[in-house]
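Trainee: Requesting a structural model of the entry that follows:
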Amino acid sequence: MKNKFAAVIIFTSSIGWAAPPSENLVKGCLQARSVAPAVTIRNITVEEAFQEDGYANGFNAIYIFKYKYVDMVYAQGKRDQALIYSGKLYRLSKSTPIGDNVEVKSTAFNPMLAQWSLAKEGKRKYFCVGFNFDGLGQSGSFQNLHGGYLLNLKTRDLYFAVRDIRQ
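Mentor: Numbering: from 1, shown residues only. Just a heads-up that it's a prediction; the model follows:
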């Protein structure tokens with residue numbers, strides 16, 4: 001009987017790690033600020049960024065910076081883009097869409113205009129990058145439409161989200 005109980009506890013606790021990020025965490029990442037008391041956002045100020053051809057698996061590092069001794073990279077391949085976090089490559093095309101993404105597919109972004117951050121909600125931690133589609137609509141309503149990628153640092157699942165940040 002003890003083994004069945006232990007298995008249920010292990011299964012239940014692993015579900016929490018595998019669940020997609022909450023809506024408050026998504027909005028916090030896209031805005032690079034906390035939108036709820038349970039969500040903590042630590043913005044990353046990029047002081048120096050580098051480029052490197054042939055960085056990993058056929059990808060050129062377009063934008064490399066370090067934060068607390070961890071390499072954070074935006075990379076470009078022949079047919080895809082990727083985030084590289086702590087040496088592991090995550091293809092943007094393989095990201096999991098979450099919520100209503102207004103039919104926008106995962107997409108490239110300008111890393112120099114992006115907002116980079118680390119987010120935490122409870123025990124879940126994410127590496128986040130938010131962007132407003134390269135500044136499109138600076139004077140129009142599209143300026144409120146932001147996209148972003150959220151990498152769960154425990155499960156290493158990469159998510160893609162698009163939201164109107166006014167809502």
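
Trainee: And the strands in the chain, which stretches?
Mentor: 39-43, 50-56, 59-67, 70-76, 81-85, 88-91, 96-97, 115-121, 124-131, 145-152, 158-164 (DSSP state E).

Trainee: what about the second one, average pLDDT?
Mentor: For strand 50-56, mean pLDDT rounds to 94.

Trainee: what are the pairing partners of it, and which direction each?
Mentor: strand 59-67 (antiparallel) (DSSP bridges).

Trainee: For residue 21, see how far away the residue nearest the centre of the chain is.
Mentor: Nearest to the mean C-alpha position of the chain, counting by CA atoms, centre = their mean, stands residue 150 at 2.1 Å. For residue 150, the distance to residue 21 (CB to CB, to the nearest Å) stands at 5 Å. For glycine as for every other residue, the C-beta is placed from the backbone atoms N, C-alpha and C.

Trainee: Mutual contacts of these two, please.
Mentor: 29, 119, 126, 159 (CB atoms under 8 Å, 6 or more residues apart in numbering).

Trainee: Compare the residues you listed and tell me which is most surrounded.
Mentor: residue 29 (30 neighbours; other CB atoms under 10 Å).
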